[in-house]
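In: Mind looking at a prediction? Sequence and model below.
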Amino acid sequence: MQYYIGVDNHKKFSYMSVMDAKGIVVKEGRVVNTKEAVNKFLGTEYTQNTSAVLEAGRNWTVMYDWLEEELDEVKLAHPLKVKAIADAKIKTDKIDAKTLAHLLRCDLIPEAYVPGKDTRIVKNILRQRMFLVKLSTMVKNRIHLIIDRHPELKNQIDPSDLFGKQGMEWLKLVTLPKEDKRILDEELDLLNYLVEKIDSSNSWVTQLGKDNPNVKLLMTIPGIGKFFALLIANEIDNIKRFRDKNKLASYAGLIPSVHASADKVFYGRIVKHGNKYLRWALIEAVWPAIRKDLSLREYYESLKQRKGSNQAKVAVARRLSVIVYRVLSQNRSYIVNYSGCPHNRLAEAVN
């Protein structure tokens, strides 16, 4: 007998619904999120000839790994697509688990990609470093805000060098009102702590990706250094899962929203769905990329004049995603082929 298990996974517990091949629920109930409780629910009867499905959500990897050890097959469902297929006005854990089991039995699960365990571990390490970098940027912005409250100080230091060696010394000694000085000192302490943590993570990151050929290929692209290459390579994982360059751009959330009615089509801001880590890496790589690559620089400047700097930056990030796709799918380095107008002739990796 074939069995299908729908799992509505939550932080502390999950609701499981076991269904047979005829669509009859043979067992269901709430299960505490521990490996022992899951194994007790499955017993020996529901481990053979059994497949399960759960939606991608908060810490789905824990439940997925537990089930994968015990069952023949485990699928990860795309939550937005499941909602589109089986949306309901009445929503409970019991109904959600039963719906997932039904979709699995009918082979209607819209699957989300599941990277391997090693890739997931690397992604967590890289995302932690990215989190620290974002925090340090927030702290730097707060320090800028404090200095901007005192216009008389602007001529004393170059704002672009505020966090260099000379700028940091100036921040320690600058004269401010008592309250602002105390806030500034606290921000500097926090920034120094974050910089220390980022530096310690660098040695950790450098050990990653040594045997990954995709990292070396990505580092040939302008603007993509070791960290960005590692992040992009692991967030993409297998380039073959993307049918073309547009699918990768969509996955990165670098395509515009579209509103079409009759013969009128309107393009808006970039979509909010997609891999935010991959999108962040490609957008952050724009500035070093346009400094190093003349074709990308002129492409950026051309769009900036017509559409503004923000849209130009996103457009270059989209172009970088195209280059990434070509480099990985064709398994070759990026080759600059600039001659004349770059808007008409991209680097060879894009053609």
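Out: The structure has been received and is ready for your questions.
In: make it CA atoms for all contacts and neighbour counts henceforth
Out: OK.
In: how about the helix or strand residue 122 falls within: buried residues?
Out: Using DSSP states H and E, residue 122 falls within helix 117-148. Residues of helix 117-148 classed as buried: 120, 122-123, 125-126, 129-130, 132-133, 135-136, 139-140, 143, 146-147 (neighbour count, 16 or more other Cα atoms under 10 Å).
In: if we take the residues you listed, which one ends up nearest to residue 78?
Out: residue 120 (17.5 Å; Cα to Cα).
In: quick one, helices of the chain?
Out: Remark: helices assigned in the chain by DSSP state H are 35-42, 60-70, 79-86, 93-105, 117-148, 165-173, 178-206, 213-218, 226-236, 245-251, 276-284, 286-292, 294-307, 309-329.
In: Dump those helices to a markdown table, plus distance to residue 54 and mean pLDDT.
Out: Output for the helices of the chain, formatted as a markdown table (distance: least, Cα to Cα, whole Å; pLDDT from 0 to 100):
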| stretch | distance to residue 54 | mean pLDDT |
| --- | --- | --- |
| helix 35-42 | 14 | 94 |
| helix 60-70 | 8 | 93 |
| helix 79-86 | 9 | 80 |
| helix 93-105 | 7 | 92 |
| helix 117-148 | 17 | 92 |
| helix 165-173 | 50 | 91 |
| helix 178-206 | 31 | 91 |
| helix 213-218 | 31 | 93 |
| helix 226-236 | 21 | 93 |
| helix 245-251 | 21 | 93 |
| helix 276-284 | 22 | 93 |
| helix 286-292 | 37 | 93 |
| helix 294-307 | 42 | 91 |
| helix 309-329 | 30 | 93 |
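In: What lies in contact with stretch 207-223?
Out: With Cα atoms under 8 Å, 6 or more residues apart in numbering as the test, stretch 207-223 has contacts from 122, 224-226, 229-230, 233, 285-290, 292-293, 323-324, 327-328, 331-334.
In: Just the buried ones among those residues, please.
Out: By 16+ other Cα under 10 Å, those give 122, 224-226, 229-230, 233, 285-287, 289-290, 293, 323-324, 327-328, 333-334 as buried.
In: hmm, back to that, and residue 53, which of the helices of the chain is closest to it?
Out: Closest to residue 53 of the helices of the chain is helix 93-105 (Cα to Cα; 6.7 Å).
In: which strands and helices sit next to that closest one?
Out: Helix 93-105 is packed against strand 3-9, strand 13-20, strand 50-55, with contacts defined by 3 or more Cα pairs under 8 Å, 6 or more residues apart in numbering; DSSP states H and E.
In: Put the alpha carbons of it into CSV.
Out: C-alpha atoms of helix 93-105 as CSV (Å, rounded to 0.1, in the frame of the first residue of the first chain):
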residue,chain,number,x,y,z
ASP,A,93,-3.5,23.0,10.4
LYS,A,94,-5.6,19.9,9.8
ILE,A,95,-7.0,21.1,6.5
ASP,A,96,-3.5,22.3,5.3
ALA,A,97,-1.9,19.0,6.0
LYS,A,98,-4.8,17.1,4.3
THR,A,99,-4.6,19.4,1.3
LEU,A,100,-0.8,18.8,0.9
ALA,A,101,-1.4,15.0,1.1
HIS,A,102,-4.1,15.2,-1.6
LEU,A,103,-1.8,17.2,-3.9
LEU,A,104,1.0,14.8,-3.3
ARG,A,105,-1.2,11.8,-4.0
